[in-house]
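Participant: predicted model, plus sequence, below.
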Protein chains: 2
Amino acid sequence: MNIEVICTGDEVLTGKIVNTNFSYISQKLDDFGLSLTWETTVGDDRDSLLLAFQLAGQRADAVIVNGGLGPTVDDLSQEIAAKAAGVELALNEHWLATMEAYFAKRARVMPPNNKKQAMLPVGAEILDNPVGTACGFAVNIGKARFFFTPGVPRELRRMLEDQIIPRLLAKAGQQTAVFLKRFHSYGIGESHADTLLAGVEALAPDGSVKLGFRAHYPQLETKLTARGVDINDIRRKLAPVEAEVRKRFGNFILAEDDQTLESVVLSELEKLKGTLTIVESFTGGQITGRLAHLPGAEKILRRGIVARDLTEICNAVSLLNEPDGITREAAEAVARAAQKQTGTTHALAVLIDLDEGADRIEFAGTVCLAIATADDVAVRRSRIVGGRDWVRLGAVEMGLDCLRRYLQRLPVVERIDFEKVE
Amino acid sequence: MNIEVICTGDEVLTGKIVNTNFSYISQKLDDFGLSLTWETTVGDDRDSLLLAFQLAGQRADAVIVNGGLGPTVDDLSQEIAAKAAGVELALNEHWLATMEAYFAKRARVMPPNNKKQAMLPVGAEILDNPVGTACGFAVNIGKARFFFTPGVPRELRRMLEDQIIPRLLAKAGQQTAVFLKRFHSYGIGESHADTLLAGVEALAPDGSVKLGFRAHYPQLETKLTARGVDINDIRRKLAPVEAEVRKRFGNFILAEDDQTLESVVLSELEKLKGTLTIVESFTGGQITGRLAHLPGAEKILRRGIVARDLTEICNAVSLLNEPDGITREAAEAVARAAQKQTGTTHALAVLIDLDEGADRIEFAGTVCLAIATADDVAVRRSRIVGGRDWVRLGAVEMGLDCLRRYLQRLPVVERIDFEKVE
């Protein structure tokens, strides 16, 4: 099945907005085994919109149009959809009532120009939008089924997942249910992961589970797309594959599905009624920043300290005997001092000794990190290569992941693919 | 003149890569008064590429194609360009020599598959790439001039600016030079700025200077696109407009051209041989993070402290008398204590008192910030509305901008458009 996407709007065409709606749509379809063949972006211009709709209607079986459903004069999608489909626009009483209820619920009166959002091509199928006033709809243009979606990301996402993907799967003749299982890991490269997981798909019958990866350094996402007659059937088929992935990846799995490394760290601390101090250097506040904005972090993350100079770090944590350079022992002493000073249950110190010289792909840094509690400490040392930004990104991830391992009582030291063996 | 862009590659079409090359191209053309009418994305697929080239060749006067010039088998741009232009591919000896020299300079031998990058459509005009091995080129397809560019952002940018934009301007009949002057401000909304600057374009003769804006909250970029016979002519025409913009925006201009707020803060501190301590709360390390990664920051930014709880903040800066809530006085006391404790020349404290309740568009927070030196202090209080993320973004910017104002001996307190008057 040929599926195309048409993105509309001057803000996207002029580059004022980076088109993340498109990458979202494409990835989400891919999660369900659907793929795109073509994408077109045009501005808020009648002639361009009409031509884009006509061309896509000649090529594709299904087209997702994003944007242009708002209440203002430059929102043209309904008007041009009607023209391309060869029908009139008419007021949809059902959607008008839905919008009036939407405003009433928020104790507001509907502005008159919102009425425009209930003008739909005659015969259009409504695609519900429970989180906004833009009405999604579907019509036929040429040989394709067109699905019109709002430009607001939150509204688009809800409509795509609830309304459009089920229709596309039905149209593709896949009357079966689809489920996506995701594992997040740190420390295993994509090609290594591919080798490690060789053969796991065969543990499910009839090719019902497909394996895929999405690498975004330093994390890797491993995806299992599973099909079945219903969710119970899928879970039964998926179970042996899931178990095998967990077994082969072992301690490297840091989160699953919608969890993140930082949300896992926070929830492990929450379970222990723990509190945390973070001391960081070259990472410049990025470790603290990954946790600080999460709901609930205000009770757990007590203090973050950023300093580059070792003397300054020691001053900040009241460590009287300054260590001689950045070493395992230095990280341990800083973490212990930070824990003692702040009285938190845990302290994480991530110190980085950068090599000398200009930034380049061979540029490296030595990470020395420690996690301290009142009566214990764990230490990790690692060389990360790949330029200053790469070292910084790697150190942020390693710091958080070692803390996750410590909290989950897993070994903090375990060789990863991204470190240089000395 | 109709200009289109065609983006190629499975990684872009599948959404694995967000298409920032496109928004870059579009914005850069806009900076020179050129605008796009259409964008197409297709994958590494011969039929789709050929059709995309043919359709754009029918509609446009100029087309920029991005990607597909690499050495691997899925890089198809040269092959399909030749087919669409109706010519053969032939080895370009000049580019082969250029590539061999490129590798020799790096003490490496050219891998055999790179030779593919020197296969160009017969009659193609070469577009130089001084920073990579992909050869840019131009050919005619249909009624359009096609410019083929590499997918690597750094290579694309150099080629677009040095090679393609001058050719597009010439093609558009603009044989004149173009110069872009940019001002960055914080605290003036786009429509307010538009009103404030009414009439400034008329200070230059013959419409040679055009005014434009690009808003990215909380900053606003004001652009003056100037044309003339040469750069001296442009500078002469631009001077009165530039001066008037500076006069009307006054203290709100925080940086110009490639400067950023954080680079200005750092260079002002450098001039004073100053050092800095930052204390932040709800902003979770983002103020520290804006400065920490900049070259030279390691000598100036001595310490960053992040804590949410006022008691914790006071402990971290050794402030014995804890203030009664987040007030101007509290910010002053914290900044003074931080400066005293660390011995830096300057300390910035940005405290935030969030309203109660769920996150929503009306959600607000009170920012109390202070800048302290050994013998002086400046204080600013403000209410920011717009949801939790908006408050956080606004507070980061206000903290850095007040510090910039203080260092430049400008008033720290000056009403901005983004605060709620009580």
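Facilitator: Arrived safely.
Participant: which element is residue A:352 on?
Facilitator: Applying DSSP states H and E as the criterion places residue A:352 in strand A:346-354.
Participant: near chain B at all, that strand?
Facilitator: No. Using C-beta under 8 Å from any C-beta of the partner chain, strand A:346-354 never reaches chain B; the gap is at least 9.4 Å. (C-beta placed from N, C-alpha, C; glycine too.)
Participant: now for that strand, which elements pack on it?
Facilitator: Counting contacts by 3 or more C-beta pairs under 8 Å, 6 or more residues apart in numbering or on different chains; DSSP states H and E, strand A:346-354 is packed against strand A:276-280, helix A:328-342, strand A:364-372, helix A:388-407.
Participant: list the beta-bridge partners for the residue lying closest to residue A:94 once chain neighbours are set aside.
Facilitator: Once flanking residues are discounted, residue A:94 sits nearest to residue A:126: 7.1 Å by C-beta to C-beta, 6 or more residues apart in numbering or on different chains. For residue A:126, the beta-bridge partners are residue A:137 (DSSP bridges).
Participant: quick check: residue A:126 touching residue A:95?
Facilitator: Yes. Counting by C-beta atoms under 8 Å, residue A:126 does reach residue A:95; the two are 6.5 Å apart.
Participant: of the two, which one has the most company?
Facilitator: Counted by other C-beta atoms under 10 Å in any protein chain shown, residue A:126 and residue A:95 do not tie: residue A:95 has more neighbours, with 22 against 15.
Participant: just the buried residues of the helix or strand in which that one is found, please?
Facilitator: Counting by DSSP H and E, the element that carries residue A:95 is helix A:93-105. Under the neighbour-count criterion of 16 or more other C-beta atoms under 10 Å in any protein chain shown, helix A:93-105 has A:95-96, A:98-100, A:102 buried.
Participant: from those residues, which one has the minimum pLDDT?
Facilitator: Lowest in pLDDT among these is residue A:102, which has 87.
Participant: what helix or strand is the closest residue to that one other than its chain neighbours on?
Facilitator: In space, and not counting its chain neighbours, residue A:102 is closest to residue A:133: 5.9 Å by C-beta to C-beta, 6+ apart. Residue A:133 is located outside every helix and strand, with elements delineated by DSSP H and E.
Participant: thinking again about what came up before, name the nearest of the buried residues of helix A:93-105 relative to residue A:232.
Facilitator: residue A:98 (34.0 Å; C-beta to C-beta).
Participant: so residue A:249 versus residue B:382, what's the distance?
Facilitator: 48 Å (C-beta to C-beta, to the nearest Å).
Participant: ok, now residue A:14?
Facilitator: 32 Å.
Participant: before we move on, the earlier item: pull the residues that contact the helix holding residue A:95.
Facilitator: A:109-110, A:114-115, A:117-118, A:120, A:126, A:133, A:135 (C-beta atoms under 8 Å, 6 or more residues apart in numbering or on different chains).
Participant: out of those residues, who's nearest chain B?
Facilitator: residue A:133 (14.7 Å; C-beta to the nearest C-beta).
Participant: so residue A:211, which of the three states?
Facilitator: State at residue A:211, reduced to three classes by DSSP: H, G, I helix; E, B strand; the rest coil: strand.
Participant: quick check: bridge partners of it?
Facilitator: Beta-bridge partners of residue A:211, as defined by DSSP bridges: residue A:224.
Participant: and the pLDDT at it?
Facilitator: pLDDT, residue A:211: 91.
Participant: and the one 3 residues further on, by the same measure?
Facilitator: The predicted local confidence for residue A:214 comes out at a pLDDT of 83.
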